[in-house]
Every structure is written in C-alpha cells, then in structure tokens.
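Engineer: dropping the sequence and predicted coords here.
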Amino acid sequence: MLVAGFPAGSFAANCYIVAPAAGEECVIIDPGQDAEDGIEEILREHRLKPVAVLLTHGHLDHVWSVAPVCGAKDVPAYIHPGDRELLTDPAKGLSLSAGQQLFGGLRLSEPDDVRELADGAALELAGLSFTVDHAPGHTPGSVTFRTPRTERLPDVMFSGDLLFAGSIGRTDLPGGSYEEILASLSRVCLTLPDDTAVLPGHGEQTTIGRERATNPFLTGLRPGESPSLKGTSAPADGPNKGF
C-alpha cells in the first residue's frame, strides 16, 4: 500500500493520499486548507487517479478544499451525517462570539456528490478496503478509516482528530464531548492490536501500542468498556494546531 501525506495550510491538518501502488487509483483523506497543490504534486509523482475523498470529520481545517478537489476530479465525498452540515456552514463547528465572522464570512459549498458514512460500513475503493468506525467526541460525526492487516502490513488507522501521538482531540468546541471521546477511544482504538499504525489528523505517526503505554489520556481506559470520568479532566487542545 502506498500512503503519502503532507500538513495542509496554516492549520497543518494532515492530508493523505492512499493507493494500492504507484500508477493505480487512489483515495484522498481530509483535503484541508490550500491542499490542492500538494495533492496534485503527489498524484503526478505517483501517477495516481483519485476515485473518492474521505473525510474524518467536518471541521474546516480538514474539509476546506473538498469541494474544489471533488469538482476537479469528478469524485464523490464521504462524510458522516452528523457532520454533513459543516460542509456548507463551517462556523457551526466553532465557538464564535456574537457577530464574529469566520475568515471574512467564509462559506463553503457541498460537492455535487456527497455520500454518508455509517458505523461499521465497509468501503471498497481504489482496490482497497476501509472499515468505518463512528467515533464521536471531537465532533458528533467523527469517524476513523481502518485498512485490514495483510501478511506484509499491520492494520492502519486514519484517526482524524480522535487520537494523536501523546494526546487526543479537543472536546471544547460545539458538538464535542469528553465522555464520548473517551468511549470512542476505548471502543475504536484500544480494541486494536498494538502494532496498528495510527496516522492522525495532526502531527506525527504513532501506534496503538505506543499510545496505550504512554498517552496520559488513555490511562485507566479498558478496551471496549464505557469509561468512568471520576478524577479526569478534559484536554484543552493537545498538539492539535487546528480546531
């Protein structure tokens, strides 16, 4: 499997391009601010043809370029219905004071073809298989995309802003919930093998084993169990440089 990525725009949200190999079809994950040039460079370098855009959630730093990318490539966008409204009204995902405008009143448009994701859905795209896990907490419609292990590769999870190296997604924006994100981490992340590669929405790559052992926000969580919030406090922001 070929995975290429780069931090897009001023928010440094990771945009990923995933394909079986060079010269094949591919999917684009989270095309954020000013992502078009970086995407085009990777597509040319590896001779790739996009067939879909996958969105881990609807925050602006991850969806900024989705409409122009989908329109230019004539491909569908996939997003969970819990975040679909953020495609056209990104301010709903932010805490803005009365009368405050977002980037001069920025409004986005939906791609022509939007397809909604469901928990447990199996996507077969570009010769690859992705399992969708609904993982609310950062936003109501946050999801992860997971590719199955093979003889040569472990599981790979594109975690969006659910799990980072050393931290987790913030929960202080509209639709966020610390209780829900802990439940998502327990159910979606900690049930995976330790060698699962985690490609997050911001920052460096990590593994489930590394985060299980060292991430302070996972302390006391048990795989698949509803967490107790006694004695815990929500993270302010962690390494997330966007939203």
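Structural biologist: Cool, the structure landed.

Engineer: wait, doesn't residue 130 sit right on residue 143?
Structural biologist: No: the criterion here is CB atoms under 8 Å, and residue 130 misses it with residue 143 at 10.0 Å. Quick note: C-beta positions are derived from backbone N, CA and C, even for glycine.

Engineer: how about the helices in this protein?
Structural biologist: Assigned by DSSP state H, the helices in the chain fall at 36-46, 60-63, 66-73, 178-184, 208-214.

Engineer: point out the most buried one among those helices.
Structural biologist: helix 60-63 (a mean of 27; mean count of other CB atoms under 10 Å).

Engineer: give me the contacts around that helix.
Structural biologist: Helix 60-63 is contacted by residues 8-9, 11, 13, 30-33, 55-56, 79, 86-87, 90, 93-94, 102, 106, 108, 160-161, 201, 242-243 when judged by CB atoms under 8 Å, 6 or more residues apart in numbering.

Engineer: what subset of the residues you listed is buried?
Structural biologist: With burial judged by 16 or more other CB atoms under 10 Å, the buried subset of those is 8-9, 11, 13, 30-33, 55-56, 79, 86-87, 90, 93, 108, 160-161, 201, 242-243.

Engineer: those residues in strands, which ones?
Structural biologist: Under the assignment DSSP state E, the buried ones among the contacts of helix 60-63 contribute 8, 13, 79, 160 to strands.

Engineer: quick check, nearest of these to residue 68?
Structural biologist: Of all those, residue 8 has the smallest distance to residue 68: 12.8 Å, by CB to CB.

Engineer: so what's that closest one up against?
Structural biologist: 14, 15, 30, 31, 32, 33, 34, 35, 38, 61, 64, 65.

Engineer: may I have the beta-bridge partners of it?
Structural biologist: For residue 8, the beta-bridge partners under DSSP bridges are residue 13.

Engineer: residue 207 too?
Structural biologist: Residues found in beta-bridge contact with residue 207 (criterion: DSSP bridges) are residue 197.

Engineer: give me the low-pLDDT residue ranges for this structure?
Structural biologist: Along the chain, segments meeting pLDDT under 70 span 96-107, 228-243.

Engineer: just want the most central residue of it.
Structural biologist: Nearest to the mean C-alpha position of the chain, by CA atoms, centre = their mean, lies residue 160 at 2.4 Å.

Engineer: buried sites along stretch 141-156?
Structural biologist: For stretch 141-156, a neighbour-count test (16+ other CB under 10 Å) marks 141, 142, 143, 144, 145, 146, 147, 154, 155, 156 as buried.

Engineer: dump the residue contacts of the fifth one.
Structural biologist: With CB under 8 Å, 6+ apart as the criterion, the residues that contact residue 145 are 29, 54, 56, 123, 130, 131, 132, 157, 158.
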